[in-house]
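Enquirer: what's the 3D shape of this:
(2 chains)
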Amino acid sequence: MNKKTVKEPFVRIVKRPYADLKVTVIANAAAVVLALLLSLLLLMAVSGLGPDKVLGAFFSASVSTGNRLLAFLQDAALLLLIAIGLAPAFKMHFWNIGAQGQILMGGLMTAICMYYIKDAVPAAVLIPVMLISALLISGVWCLIPAFFKVRFGANETLFTLMLNYVAIQIVMCFTDTWKGTKSAFGVIDRFTGSANGYLGRLFGIDIGWTLLISMLLTVLMFIYLSRTKHGYEIAVVGESLNTARYAGINDRKVILRTAFISGAICGLAGFLYVSNVSHTISAATGGNFGFTAIIVAWLGAFNPAVMTVISLLLTFVSKGAGDVRNLAGLDSSICDVVVCIFLFFILGCTFFTRYQLVFRHKADKEGGSELKAKEAGV
Amino acid sequence: MDKTAAVSLHDITKRFGSTVANDHVSMEIRKGEILSLLGENGSGKTTLMNMLSGIYFPDEGEIRIGGEPVTIRSPHDAFACGIGMIHQHFKLVDVFTAVENVVLGLDGPLKLDLKKAAAQIEEICARYGFKVDPWQKVYDMSVSQKQTLEIIKVLYRGARILILDEPTAVLTPQETDRLFAIIRAMRDDGKSIVIITHKLNEVLAVSDRVAILRRGAYLGCIETKDATEQILTEMMVGQKVELNIRRTEPRDLKKRLSVRGLTVVGPEGLDALEDVSFDAYGGEILGIAGISGSGQKQLLESIAGLQKVEPGSSIVYTAPEDEQERQLIGRTPLEIRELGVLLSFVPEDRLGMGLVGSMGMTGNMLLKTYGVGHQLFVKEEGAKKLAEEIMEQLAVVTPGINTPVRRLSGGNVQKVLVGREIAAKPAVLMTAYAVRGLDINTSYTIYNLLCEQKEKGTAVIYVGEDLDVLLALCDRILVLCGGRCNGILDARTATKEEIGLRMTKLQETDHE
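Expert: A predicted model of the protein is given here:
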């Protein structure tokens, strides 16, 4: 007989009986702190600057002046708005990764209205026309893959992704036509001689409308998903199509409707870019936000309240890294690296909220008794 | 029989989250015996044996082999200790031959000597009376041959202690007899054999001793010669169980459903149901028997409006309030409901169709009623009250009515589903495999709920797999064979053999 004695494993991974709010908060806070430390060390190492300079630049990027604060809020609000658009689709297990294209189509439609209508109608007419046409086209841009999914079983992930590139080409086609192929299309009023269609200042802030609309939609989406009949249907369809059919839910209708809403909210972000934020359109409008918003929606577990925190954090980090980069003249990739460090830690900490580690000697005493105490608590 | 212990377990505890799968289990397996490990679903039988075979590691406690403490961290360690387990779901590579499967995963020289291994396999076969060709591919083997190969695999690795997890679940009666002969031959050769099972007749037929687990705790071990089915059931369940169903004579029969010429084309383009006709009456339980996949699912889903049916099919519902007839074919579940049809359906796939796993009891109560009214918001008050009522009346064990039902045990999930469907006060109640995977007590709770519904005048349709239960519970039994109705029998006079025959062979003369 083989008598080789093998020791008990040093540490074992035990699933937690349920998600503990306290542990979740502590783990996430620890993840953010650790990510911050590692990011600062990395920034110091590659920039050669001292800790005071790196820290100063990192934290002052978003809050030091009024303009910086506004730029920070503008990015966070747009990122959040796009993520809010993705949330209902994702909750329904409809993987809309075409936010980029939906933003561009919404923005393009806004720009087309401004470019061709100019001063022919007053702003009170022009702006609603811009808004409605932007919502319609971007809603349809997401409805196309949804239609093919319910009708032919097409894969919506690939379909929505591919439509991004179609939208980019369409936008380039228009900007090239307007300005010629030599250079990018500039700010709209310089071409049309009219600022008709610009969303004006609100609360004395240039981007007031953007902030207000993002906040409003965040609240509305929270109510829509958690309280309304539509929200209930989305949850059932996302869980199981068979259950939805059994319950008498018209799953095709729900998928088409939700896809339209998802696309339209992304298009609303495009409308705000053109009408309120940058007053121009190009293939780069929206930057990477269409994809970053996917991360925001997932990390926030499609809960608009948590998504708000996540979008503020991610924007803060990328602004901070951007300022350090400018100060030290680094490559732009450093911003992505820093954002990824944060994502790595935040995602990694879910391991600790779902499982706990039981060490060899504690297994009999603490690990066991702790669990028993928790059982008694239930 | 040698009374010394081959393996002894001391205070073994294993937890999964808050569930205690094994609670301080101490027991022994003797040399040269056949030990049955008996317990209901979820009592921790397989978990306990998985710790011997190295799949799990115990949270607490000690395992001793021949008196020496050992640590088993992997199946490799288990083999080194002479323990081999034959799992319920075979772990074989289909495209490999028998001998390739046997040597798979073993240490050895770089060059495989399959001929030598094949010779050893033949020697093992000769010793115990197996019939296996070492060069046969696994995909060519029958279920019983694959099981034999699994046994050879562990014997080849030198196992002296063999654990078989529910070995007869997949075998025909003849194959079961052959397996038992093999098991006895191995016992006589001095090996220890553990059989994990919940079938009492097999326990009594083959084993020397019976060890009983209940909710993770070890209750003791009795000699098989002292045991009876009644004693074992009571130990397993923990209380006196009345194993009978209160079947009353059907009274006041009223036609509720009339199915005529129902034909459904299955996913492969073959007829899943062909020209099925029957009536279901309020005040009786109509059983539906058949080998699984004979069209039971399509039959119930056609009635519920979830299945596309072929032209010429007819399903007519007669409403209890006005005796008006309504055609259900061509309507969606929502249209059927809006027509005033009081139809409840407990589908086979509880969490994948009947319930929303991520929602609590409250959310699930709303599944068929959330859309009532024209307001924008979902009204939760009624559902919350209903959830509380069901929780109390059916003794659903859950931390709260908002705990996702996915986290409840199978029996409690089924109580939530059946409770909701009965609360809708149905005129027709359809259930598919309503007691699959449930413990004995919950099963009898469900049977008696169905009997109660019948006495209230509901037409109950019960799709089942256990013929003894179908005969004891139902009033009439419709036998499906390959998608055709192969006779409707009176459950009070029919025999198991008769139903079994009709399940497998179409009766040419017997058409209504």
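Enquirer: C-alpha only now, for contacts and for neighbours.
Expert: OK.
Enquirer: Nearest to the middle of chain A, which residue? Look it up for me.
Expert: Chain A has A:Ala293 as the residue nearest its centroid, 1.7 Å off, counting by C-alpha atoms, centre = their mean.
Enquirer: Walk me through the domains of chain A.
Expert: Listed by automatic domain parsing, the domain ranges of chain A are A:7-60+A:311-367, A:77-299.
Enquirer: for chain A, what are the nearby residues on chain B?
Expert: Residues of chain B lying near chain A by C-alpha under 8 Å from any C-alpha of the partner chain: B:16-19, B:59-60, B:70-73, B:80-81, B:306, B:332-334, B:352-358, B:367-368, B:370-371, B:376-378, B:399.
Enquirer: can you do 6 Å?
Expert: When proximity is defined as C-alpha under 6 Å from any C-alpha of the partner chain, chain B approaches chain A at B:17-18, B:71, B:80, B:333-334, B:353-354, B:367-368, B:376-378.
Enquirer: Selection in PyMOL covering whichever of those residues are buried, please.
Expert: Buried members of the residues of chain B next to chain A, defined by 16 or more other C-alpha atoms under 10 Å in any protein chain shown, are picked up in PyMOL with:
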select buried, chain B and resi 17+18+71+80+333+334+353+354+367+368+377+378
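Enquirer: now, which of the residues of chain B next to chain A lie within helices?
Expert: In this view, the residues of chain B next to chain A that belong to helices under DSSP state H are B:Ala80, B:Pro333, B:Leu334.
Enquirer: TSV please, covering those and showing pLDDT.
Expert: Formatted as TSV, those follow (pLDDT from 0 to 100):
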residue	pLDDT
B:Ala80	87
B:Pro333	90
B:Leu334	89
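Enquirer: quick check, nearest of those residues to A:Ser278?
Expert: A:Ser278 lies nearest to B:Leu334 out of those, by C-alpha to C-alpha, at 48.3 Å.
Enquirer: nearest residue to the closest one other than its sequence neighbours?
Expert: In space, B:Leu334 comes closest to A:Gly248 once its chain neighbours are excluded; the distance is 4.5 Å by C-alpha to C-alpha, 6 or more residues apart in numbering or on different chains.
Enquirer: for the one you found, phi and psi?
Expert: Note on A:Gly248: its backbone torsions stand at phi 90, psi 20 [degrees, to the nearest 10].
Enquirer: Repeat that for B:Ala119.
Expert: Dihedral pair for B:Ala119: phi -60, psi -40, per degrees, to the nearest 10.
Enquirer: Could you do the one 5 residues further on as well?
Expert: Reported as degrees, to the nearest 10, the phi and psi values for B:Ile124 are phi -60, psi -40.
Enquirer: residues near it, how many?
Expert: For B:Ile124, the neighbour count with other C-alpha atoms under 10 Å in any protein chain shown is 15.
Enquirer: same thing with A:Leu36?
Expert: Using other C-alpha under 10 Å, A:Leu36 has 17 other residues around it.
Enquirer: and it, what element?
Expert: helix A:21-47 (DSSP states H and E).
Enquirer: got the buried residues for that helix?
Expert: In helix A:21-47, counting by 16+ other C-alpha under 10 Å, buried: A:24, A:27-28, A:31-32, A:34-36, A:39-40, A:43-44, A:47.
Enquirer: picking that back up, pipe the ones in helices among the residues of chain B next to chain A into a markdown table and attach distance to B:Lys415 per row.
Expert: Listed next are these as a markdown table, based on distance: C-alpha to C-alpha, whole Å:
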| residue | distance to B:Lys415 |
| --- | --- |
| B:Ala80 | 45 |
| B:Pro333 | 23 |
| B:Leu334 | 24 |
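Enquirer: of all those, which comes closest to B:Ser443?
Expert: Of all these, B:Pro333 has the smallest distance to B:Ser443: 28.2 Å, by C-alpha to C-alpha.
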